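A.B. asks: for reference, the sequence and a predicted model appear below.
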Amino acid sequence: MPRRVLIVGGVAGGASCAARLRRLDETLEILLFDRGPHVSFANCGLPYFVGNVIADEGRLLVASRELFRQRFAIEVHTRHEVVSIDRARQVLRVRDLEAPGGPAEREERYDALVLSPGAAPIRPSLPGIDLPGIFAVRTIPDSVQIRRWIDERRPARALVVGGGFIGLEMAENLAHRGLHVTVLEKLPQVMPPFDPEMAVPVVEHLRAQGVALRLGDGLAGFEPDGPALVALTESGARVPADLVILSIGVRPETDLAVAAGLTLGARGGISVDTQMRTADPSIWAVGDAVEVRDVLTGQDVIVPLAGPANRQGRVAAESICGRERRFRGVQATAVVGVFGLTVACTGASEKGLRRAGVTDFEKVYLHPGHHAAYYPGAKPIHLKLLFRPSDGRILGAQAVGLEGVEKRIDVIASLLQMGATVRDLAEAELCYAPQFGGAKDPANLAGMIAVNHLDGLMPLADWPTLGGKDALLVDVREPAEYEAGHIEGAVNLPLSQLRERHRELPADRPLAIYCGVGQRGYFAVRFLAQHGVRAANLSGGYATYRALRAAGAIEAR
């Protein structure tokens with residue numbers, strides 16, 4: 001058993017590992033080194049500190065050096081940079097960045113070593129990238145600098161480069177500070193982990209809040225413009241800004257591991273086993289710098305999220321203490337708030353499955369209210385569920401809405417982790433009161449729709465081809481709804497008239513049925529099936545069509 005454990009890096013992975021080690025073994029000598037001024041802070045709260053939603057910097061500090069010493073007898077050395085690892089001697093070379101007279105180096109011996117170096121913001125090598133006013137957001141000092149820039153310079157225009165989780169949080173918080181915000185995203189959508197059609201409501205909401213979006217256009221560089229900046233884009237556009245936030249993504253901090261000869265994975269992260277042990281039996285690694293298994297695709301991935309990092313730290317601590325516990329992998333459950341809109345996901349996306357070569361999957365869309373329709377204030381949740389038709393296993397889900405979104409994704413995430421099927425989801429017993437949900441919760445409804453498909457009660461029409469080139473599109477909404485907007489080429493036969501007029505439909509041609517959000521289409525499919533007519537439902541109805549059309553995912557007929 002090791003007697004001296006050294007940990008490089010704090011925050012979620014390293015700090016949780018240190019605390020867990022102490023709870024498991026009082027005899028260990030535990031030292032933690034971090035080159036920054038803080039050992040454990042809430043980096044997910046940094047955009048809200050910039051936005052002054054969190055006004056006190058101290059609120060971001062999860063645990064201090066003093067707390068670690070007093071509560072856990074763990075020695076934390078902040079402003080200490082680990083510069084090298086001598087694996088043969090099991091020694092670290094550590095540089096004290098605040099030593100009297102200048103940085104001083106010393107050696108520290110270890111029996112077990114945990115690497116939690118995290119990840120660094122990507123700062124591309126582009127013209128003007130180091131001009132004043134261009135920031136990344138990764139640490140408390142980063143956010144302090146941005147706040148100071150806003151307070152002292154009073155900028156009017158902000159450019160956020162990157163439309164992912166942090167980018168959109170920064171867009172909201174800069175707008176909260178009174179800046180006009182432009183988001184520049186190289187991909188043709190915001191929220192890159194999401195399928196394009198599920199990002200459409202986010203785009204519409206951002207624009208409604210006054211955020212300017214430049215999608216499908218990458219950053220090419222910067223030029224000074226007096227005290228301000230001009231961002232140059234790959235399309236040749238010039239975007240003026242007084243403040244720029246780079247939110248392009250992060251790269252794992254692996255320089256220390258590479259120099260020590262540790263193995264990296266195909267994606268550039270530190271390679272570890274299920275106990276978070278590296279190629280060296282005395283060294284473990286956790287957090288944003290490691291590669292772990294995606295439980296849906298089986299591929300190795302880098303997922304820079306606090307939840308997995310925290311769990312990895314606990315697993316590494318248990319392994320060091322000789323306990324048999326293994327990290328199960330990740331399913332990338334995540335949520336972000338965007339100007340009051342909640343955007344959440346778990347498991348695989350459709351495009352992620354296709355990239356991984358997975359073809360055995362199906363999807364359903366639905367747009368239920370977040371609570372009972374008869375209770376005032378119900379707001380729609382736009383939900384996409386992916387599942388495996390061969391056995392019904394849940395593969396992933398994405399949802400967007402103003403209320404109740406994260407609750408439904410958490411339900412699906414829990415079932416997905418247990419290897420559950422859409423039948424389990426349909427039968428899940430969830431809380432019901434009219435102000436919280438319905439007797440058929442939106443999560444239940446997603447499962448029920450999928451089960452109806454698996455059982456042959458509601459065949460699903462293919463959205464990208466609108467049911468196939470030979471299918472007749474039938475809109476079963478009322479005439480006023482049809483006239484307000486419909487799919488080109490669709491005939492209108494309202495559900496309310498279907499019993500009397502269904503013989504008008506061709507018996508020798510497949511029918512693709514749709515309504516507003518999918519329910520009436522399902523009723524029509526069931527009726528027609530019992531009258532010998534082949535029909536399939538375009539799940540999610542016209543609401544889904546609008547999103548798919550906006551995302552460019554519908555084929556021309």
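C.D. replies: That came through, no problem. Numbers count the residues shown, from 1 in each chain.

A.B. asks: what's the span of stretch 382-393, first residue to last?
C.D. replies: Taking CA to CA, to the nearest Å, stretch 382-393 runs 21 Å from one end to the other.

A.B. asks: centre of the chain versus it, how much separation?
C.D. replies: Relative to the chain's own centre, stretch 382-393 is displaced by 19 Å; criterion: CA atoms, centre = their mean, to the nearest Å.

A.B. asks: list the buried residues of it.
C.D. replies: 382, 383, 384, 385, 386, 387, 388, 392, 393 (16 or more other CB atoms under 10 Å). From N, CA and C alone the C-beta is placed, and that goes for glycine too.

A.B. asks: pLDDT and distance to residue 347 added to these, as CSV?
C.D. replies: Below are the buried residues of stretch 382-393 laid out as CSV (pLDDT from 0 to 100; distance: CB to CB, whole Å):
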residue, pLDDT, distance to residue 347
382, 97, 17
383, 98, 13
384, 98, 11
385, 98, 10
386, 98, 7
387, 98, 10
388, 97, 11
392, 97, 14
393, 97, 10
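
A.B. asks: and stretch 15-25, what's buried?
C.D. replies: 15, 16, 17, 18, 19, 20, 21, 22, 25.

A.B. asks: quick one on the thing from earlier: restricted to strands, list the buried residues of stretch 382-393.
C.D. replies: 382, 383, 384, 385, 386, 387 (DSSP state E).

A.B. asks: need these in JSON lines with distance to residue 454, can you?
C.D. replies: Below are those laid out as JSON lines (distance: CB to CB, whole Å):
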{"residue": "382", "distance to residue 454": "23"}
{"residue": "383", "distance to residue 454": "18"}
{"residue": "384", "distance to residue 454": "17"}
{"residue": "385", "distance to residue 454": "12"}
{"residue": "386", "distance to residue 454": "13"}
{"residue": "387", "distance to residue 454": "8"}
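
A.B. asks: and these, which is closest to residue 329?
C.D. replies: Top of the list for closeness to residue 329, among those and by CB to CB, is residue 386 at 17.5 Å.

A.B. asks: so who does the closest one touch?
C.D. replies: Residues near residue 386 by CB atoms under 8 Å, 6 or more residues apart in numbering: 347, 348, 349, 350, 353, 361, 362, 363, 394, 395, 396, 397.

A.B. asks: can you check residue 372 too?
C.D. replies: Going by CB under 8 Å, 6+ apart, the list of residues near residue 372 reads 378, 434, 435, 437, 438, 439.

A.B. asks: got it, and residue 131?
C.D. replies: 222, 224, 229.

A.B. asks: so for residue 556, what's the pLDDT?
C.D. replies: Here the pLDDT value assigned to residue 556 is 60.

A.B. asks: over to residue 547?
C.D. replies: Confidence score, pLDDT, at residue 547: 96.

A.B. asks: residues near it, how many?
C.D. replies: Residues near residue 547, counting by other CB atoms under 10 Å, number 27.

A.B. asks: same check, this time on residue 258
C.D. replies: Around residue 258 there are 12 residues (other CB under 10 Å).

A.B. asks: mind checking the SS state of it?
C.D. replies: Look at residue 258: counting by DSSP: H, G, I helix; E, B strand; the rest coil, its state is helix.

A.B. asks: ok, and the closest non-adjacent residue to it?
C.D. replies: Take residue 258 and drop its neighbours on the chain: the residue closest to it by CB to CB, 6 or more residues apart in numbering is residue 264, 6.8 Å away.

A.B. asks: that neighbour contacts residue 270, doesn't it?
C.D. replies: Yes: in this structure, residue 264 is within contact of residue 270 by CB atoms under 8 Å, at 6.2 Å.

A.B. asks: among these two, which residue is more densely surrounded?
C.D. replies: Legend: neighbour count by other CB under 10 Å for residue 264 and residue 270, higher for residue 270 (28 against 18).

A.B. asks: contacting residues around that one?
C.D. replies: Contacts of residue 270 by CB under 8 Å, 6+ apart are 115, 252, 254, 257, 262, 263, 264, 278, 285, 289, 290, 291.

A.B. asks: so what's the third one up against?
C.D. replies: The contact partners of residue 254, taken as CB under 8 Å, 6+ apart, are 117, 264, 268, 269, 270, 289.

A.B. asks: tabulate those residues in CSV, adding columns for pLDDT.
C.D. replies: Below are the contacts of residue 254 laid out as CSV (pLDDT from 0 to 100):
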residue, pLDDT
117, 93
264, 96
268, 94
269, 96
270, 97
289, 95
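
A.B. asks: looking at the buried residues of stretch 15-25, spot the one nearest residue 548.
C.D. replies: Using CB to CB, the buried residues of stretch 15-25 come closest to residue 548 at residue 16, 41.3 Å.

A.B. asks: please report how far the closest one lies from residue 312.
C.D. replies: 8 Å (CB to CB, to the nearest Å).

A.B. asks: same thing with residue 194?
C.D. replies: Here residue 194 is placed at a distance of 25 Å from residue 312 (CB to CB).

A.B. asks: of those two, which one has the most company?
C.D. replies: Comparing residue 194 with residue 312 by other CB under 10 Å, the one with more neighbours is residue 312, at 28 against 25.

A.B. asks: ok, and that one, which helix or strand is that part of?
C.D. replies: helix 306-320 (DSSP states H and E).

A.B. asks: and the next helix or strand after that helix, which strands flank it?
C.D. replies: Under the assignment DSSP H and E, the closest C-terminal helix or strand after helix 306-320 is strand 334-338. Strand 334-338 sits in its sheet next to strand 341-347 (antiparallel), going by DSSP bridges.

A.B. asks: quick one, the strand it pairs with and strand 381-387 angle?
C.D. replies: With axes from the mean of the first three to the mean of the last three CA atoms, to 10 degrees defining the directions, strand 341-347 sits at 10 degrees from strand 381-387.

A.B. asks: nearest residue to residue 259 other than its sequence neighbours?
C.D. replies: residue 84 (6.3 Å).

A.B. asks: adding secondary structure, write the contacts of residue 270 out as a markdown table.
C.D. replies: Below are the contacts of residue 270 laid out as a markdown table (three-state DSSP):
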| residue | secondary structure |
| --- | --- |
| 115 | strand |
| 252 | strand |
| 254 | coil |
| 257 | helix |
| 262 | coil |
| 263 | coil |
| 264 | strand |
| 278 | coil |
| 285 | strand |
| 289 | helix |
| 290 | strand |
| 291 | strand |
